[in-house]
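Asker: Pasting the sequence and the predicted model now:
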Amino acid sequence: MRVLIAVLLMLQAGIAQAQVLPLREQARVIDEITAERIDQLLPTLMQRTGIDMWVIISREYNEDPILKTMLPATWLSARRTTMLVFYYNAATRQYDKLAIARYDVGTTIKASWDMQRFPNQWDALMDIITSRSPKKIGLNYSPHFGHADGIDHTHYEMFMQKLPAALKGRVVSAEPLGVAWLETRTPGEMQYYTQLVNLTHKIIEEGFSEKVITPGITTTDDVVWWFRQKIRDLGLDTWFHTSVAVQRSDSNSFEHLRSFSNRPKDDVILPGDLIHCDIGISYLRLNTDIQQHAYLLRPGETDAPASIKAAFAKTNRLQDILTSQYKLGRTGNEVLRLARQQAKAEGIQATIYTHPLGLHGHAAGPTIGLWDQQGGVPGSGDYPIYYNTAYSIELNAASDIPEWKKSIRIMLEEDGYFDETGFRYINGRQRQLYLVPRTGGVNAD
């Protein structure tokens, strides 16, 4: 609690004064959150999914993505072959957290390898399994979620060779448990998440200002590297390379793909430009993912053109349409279909490509469209929405700008959270364009 109070006070002070926790304190927070997740969250997820034994096997430097979320902060990788076993008997409430290792994995998972009795690590693992005789033995293989597909071919074959024949039929994909583990946010995590998203917003607000941008001189790549350096100077990191792109009154069309792979790197930012950024930071094993816009005022202008402001408001409306479709048990594909139907009825040319967020940037959970798959996404799009999950509400709406004689796309991405009370943005969302130079503030709700 002392660490939590300290970080809240520091981050609430604003970006100029904000300080990221020293590494030692970060490690303490990470370990507290990890213990909360393993001790309190995991048994409920095992009961929900009906997988009473979860076996995670991973080799050093070839780590299972799920295993990495369970390691202590001081473990930067697995060690040799790391084996974890979680067993939960719903009838007796027996809950075992075991490491078939020479040492404990943090303070939560205890070493359970009797090397005198079982010199071979695999024999020790099989003894733990057979002595508990689980109904379902979950292994991390999955056709739909890379996050839950972490057991390598060698270890899978070795496991199945060693497992007694009577238990082979009990082996199942741990996909539902692995995805649930990754997508479910705990109260402890959410206390930090608000501050992480707020910090991301503050970084964008400063980067999209006259402090950083001088029209006619500053390039999009200058701003990209300012963002990267600012994030690093704050003691944070990014999980993808930041992007900055321009739309302007010219003959170039602006398709979605151009903003990511074909944008000019040294595009000089000019008065009258509409600029866009995509930024995500990583801290305390959590990730943010934000896209926002700014308008460069022309001489004599005090606001963005009405047509561009209307285009921005249309995309805010699309956000509302999408998040209103969040219902417990609906699949990502159902949410996508219903949101697109309503958007079409309101005359909005929508593209929706929303994804879960959390321990990864593009995280496990229901995929709600891909930019090139607007009819639904087989597999990950068929996964249902659960409570206590976070999402990047990522989408765009196309609008005609008469004075530019072309269509533009307002591409927004804001981080939100869904629980029993409904959907909410973790730290508000952009409601109006940043103006460069500034003439006023930016509203958030």
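Answerer: Good, I have the coordinates.
Asker: Now do the contacts for residue 395.
Answerer: By Cβ atoms under 8 Å, 6 or more residues apart in numbering, the contact list for residue 395 reads 315, 318-319, 322, 350-354, 411-413. C-betas here are computed from N, CA, C, even on glycine.
Asker: Strands - which of these land there?
Answerer: Using DSSP state E, the members of these that fall within strands are 350-352, 411-413.
Asker: Same list (the residues you listed) but as JSON lines, adding distance to residue 90.
Answerer: JSON lines is the format used below for the ones in strands among the contacts of residue 395 (distance: Cβ to Cβ, whole Å):
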{"residue": "350", "distance to residue 90": "43"}
{"residue": "351", "distance to residue 90": "43"}
{"residue": "352", "distance to residue 90": "38"}
{"residue": "411", "distance to residue 90": "45"}
{"residue": "412", "distance to residue 90": "43"}
{"residue": "413", "distance to residue 90": "39"}
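Asker: filter these to the buried ones?
Answerer: Among the ones in strands among the contacts of residue 395, those classed as buried by 16 or more other Cβ atoms under 10 Å are 350-352, 411-413.
Asker: just the strands in the stretch 51-200 of the chain please.
Answerer: 53-59, 81-89, 94-99, 110-111, 137-139, 171-173 (DSSP state E, counting those that start in this stretch).
Asker: Return the member of those strands having the minimum mean pLDDT.
Answerer: When those are ranked by mean pLDDT, strand 110-111 comes last with a mean of 90.
Asker: Tell me which other helices or strands it touches.
Answerer: strand 94-99 (3 or more Cβ pairs under 8 Å, 6 or more residues apart in numbering; DSSP states H and E).
Asker: just checking, what packs against the strand it packs on?
Answerer: Using 3+ Cβ pairs under 8 Å, 6+ apart: strand 94-99 touches strand 81-89, strand 110-111.
Asker: Helix or strand: which one has residue 25?
Answerer: helix 23-36 (DSSP states H and E).
Asker: can you pull the buried residues of stretch 367-374?
Answerer: For stretch 367-374, by 16+ other Cβ under 10 Å, it's 367-371.
Asker: Which of those residues sits closest to residue 389?
Answerer: residue 368 (11.8 Å; Cβ to Cβ).
Asker: Show me what the closest one is bridged to.
Answerer: Bridge pairing for residue 368 (DSSP bridges) gives the partners residue 354.
Asker: what residues go with each domain of this protein?
Answerer: 2-181, 186-436 (automatic domain parsing).
Asker: Distance from the first one to the middle of the chain?
Answerer: Shown here is domain 2-181, whose average C-alpha point lies 20 Å from the average C-alpha point of the whole chain (Cα atoms, centre = their mean, to the nearest Å).
Asker: picking up where we left off before, which one among the ones in strands among the contacts of residue 395 gets closest to residue 36?
Answerer: residue 413 (28.1 Å).
Asker: who's in contact with that closest one?
Answerer: 278, 289-291, 392-395.
Asker: Mind putting the strands of the stretch 51-200 of the chain into CSV with distance to residue 224 and mean neighbour count?
Answerer: Listed next are the strands of the stretch 51-200 of the chain as CSV, based on distance: least, Cβ to Cβ, whole Å; neighbours: other Cβ atoms under 10 Å:
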stretch, distance to residue 224, mean neighbour count
strand 53-59, 34, 24
strand 81-89, 37, 22
strand 94-99, 42, 17
strand 110-111, 46, 14
strand 137-139, 41, 24
strand 171-173, 40, 19
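Asker: Poorly predicted segments of the stretch 1-150 of the chain, please.
Answerer: 1-19 (pLDDT under 70).
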